[in-house]
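**Q** Here is a sequence with its predicted model. Questions after.
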Amino acid sequence: MGEIQERKNFVVAIDGPAGAGKGTVARQVARKLTFLYVDTGAMYRAVTLKALSLGFDLSDENRLIAVARNLRLDFRDSSDGYQVMLDGKDVTREIRSEQVSRYTCYAASSLSVRRILWELQRCFRERHHLVMEGRDIGSIVFPDAQVKIYLDASLEERARRRFLQLQEQHLPADFTQVRQEIAARDKADFERPIAPLVKVPDAVYLDTTKMSIPEVVNWIFRLCLERGLPLPQID
Ligand code: C5P
């Protein structure tokens, strides 16, 4: 009895730089495992979107903290796709806007905001097995995750993927600009004093530059099996 109570839900932590394919891969792995998928980047983006809509200066940390504290955020994953709901409104597309991407560094570099979001992220494990992706999942949110993966790809390949994604969505895209933006986000993520992006020693490094999405998903699935993936729950 005691042993069952102490056993923690299974966590697949996927970290890595922008454009490495974490979102697509994590979502598919979660589907395959019937785990909950959590996109932590969406949380930093939602705080930023809300702050921008309130119109205050994002360097005002106290107001940013208040936004994070009162965040009404909900994730929905259905056959229609993955939806991020903020205050009951679907903001899935809005949080990916260029403006939100540019301003998210304010929320990401505030320790107080991060503490609030870390707590929310950890709560998900109380009720679910998880596939959680971000920058600090294996290092800070769940240092005891059963599986930790650092997903990487060359800058050129990440820029190419992002560029194709924008084209598919009929959004304006310039390859050189996309590559510059990804390089700038890499710098911000690696050099941030608080919770920078790092490959922790117990994370498995996977370079996906020459891999297809199904190959990466299967590779992670096999790793989960090796690490004692729990059998699907019937209840
Ligand atoms: O993953 P995504 O690109 O949507 O993340 C948006 C921003 O939030 C990134 O620029 C990143 O710096 C930040 N972030 C973070 N920690 C996480 C997830 C994202 O600082 N766990």
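**A** It's in.
**Q** The residue nearest to residue 22 when sequence neighbours are not counted: helix or strand, and which one exactly?
**A** Spatially, and ignoring its direct neighbours in sequence, residue 22 is nearest to residue 133 (4.3 Å; Cβ to Cβ, 6 or more residues apart in numbering). C-betas here are computed from N, CA, C, even on glycine. For residue 133, the host element (DSSP states H and E) is strand 130-134.
**Q** For the protein, which segments are assigned as strands?
**A** 11-15, 36-39, 73-78, 81-86, 89-90, 130-134, 147-152, 204-207 (DSSP state E).
**Q** Format the ones you listed as JSON lines; extra columns: mean neighbour count, distance to the ligand and mean pLDDT.
**A** Shown next, in JSON lines, are the strands of the chain (neighbours: other Cβ atoms under 10 Å; distance: least, Cβ to the nearest ligand atom, whole Å; pLDDT from 0 to 100):
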{"stretch": "strand 11-15", "mean neighbour count": "27", "distance to the ligand": "8", "mean pLDDT": "98"}
{"stretch": "strand 36-39", "mean neighbour count": "21", "distance to the ligand": "7", "mean pLDDT": "95"}
{"stretch": "strand 73-78", "mean neighbour count": "13", "distance to the ligand": "13", "mean pLDDT": "88"}
{"stretch": "strand 81-86", "mean neighbour count": "16", "distance to the ligand": "10", "mean pLDDT": "91"}
{"stretch": "strand 89-90", "mean neighbour count": "10", "distance to the ligand": "17", "mean pLDDT": "95"}
{"stretch": "strand 130-134", "mean neighbour count": "28", "distance to the ligand": "2", "mean pLDDT": "97"}
{"stretch": "strand 147-152", "mean neighbour count": "23", "distance to the ligand": "11", "mean pLDDT": "98"}
{"stretch": "strand 204-207", "mean neighbour count": "14", "distance to the ligand": "17", "mean pLDDT": "97"}
